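Peer 1: no sequence on this one, just coordinates:
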């Protein structure tokens, strides 16, 4: 976890930035423009976690995969919880998925809970793959 702390903080920061940007109606269109670059930065940061695992902690490819999976899972969970909380407060995704009252709120809450369950799983899978890539690159640079 010590090796993954900074990458997790960066990924959570990117998630918070995206959530805040999505809350501002006249700026939310920017997510269409900067969404892919932010995703690529997130992938690089997750691969960097695997790289750090090899360079700083002396781990191997498996250690890089575990570090990447841990990074992706924790960042995914934290960002999903933040998104869910904002949705329940009636900003961002909650408004876009049908409002904050009645059926729209129930549907939004349901998808928010599903997101909290799925985000760490998907984050761990992609994190493991990217962590192995980062560990592999670190292993090549001896």
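Peer 2: Yep, it's here. Small disclaimer: the values here were computed from a predicted structure and weren't measured.
Peer 1: now residue 74: closest residue in space, sequence neighbours ignored.
Peer 2: Nearest non-adjacent residue to residue 74, counting by CB to CB, 6 or more residues apart in numbering: residue 8, 5.2 Å away. For the C-beta atoms, the positions are set from N, CA and C on the backbone; glycine is no exception.
Peer 1: assign a three-state SS to that neighbour, would you?
Peer 2: Classification of residue 8 by DSSP: H, G, I helix; E, B strand; the rest coil places it in helix.
Peer 1: that one: neighbour count?
Peer 2: Around residue 8 sit 20 other residues, with neighbours defined as other CB atoms under 10 Å.
Peer 1: surely it touches residue 71?
Peer 2: Yes: assessed by CB atoms under 8 Å, residue 8 is found in contact with residue 71 at 5.4 Å.
Peer 1: where does the protein dip in pLDDT?
Peer 2: When the per-residue scores of the chain are filtered using pLDDT under 70, the ranges that remain are 90-105, 142.
Peer 1: can you pull out the helices in it?
Peer 2: Along the chain, the stretches classed as helices by DSSP state H are 5-23, 30-57, 61-88, 93-96, 103-140.
Peer 1: returning to that earlier point: between residue 8 and residue 71, which contacts overlap?
Peer 2: Contact criterion CB atoms under 8 Å, 6 or more residues apart in numbering; residues shared by residue 8 and residue 71: residue 49.
Peer 1: before we move on, the earlier item: which of the helices of the chain is buried the deepest?
Peer 2: Using mean count of other CB atoms under 10 Å, the stretch among these with the largest mean neighbour count is helix 61-88, at a mean of 23.
Peer 1: could you name the helices and strands sitting against that helix?
Peer 2: Here helix 61-88 is seen to pack against helix 5-23, helix 30-57, helix 93-96, helix 103-140 when contacts are counted using 3 or more CB pairs under 8 Å, 6 or more residues apart in numbering; DSSP states H and E.
Peer 1: now the angle from it to helix 30-57?
Peer 2: For helix 61-88 and helix 30-57, the angle between their directions (axes from the mean of the first three to the mean of the last three CA atoms, to 10 degrees) works out to 150 degrees.
Peer 1: and helix 61-88 with helix 103-140, angle?
Peer 2: Relative orientation of helix 61-88 versus helix 103-140 (the same axes, to 10 degrees): 160 degrees.
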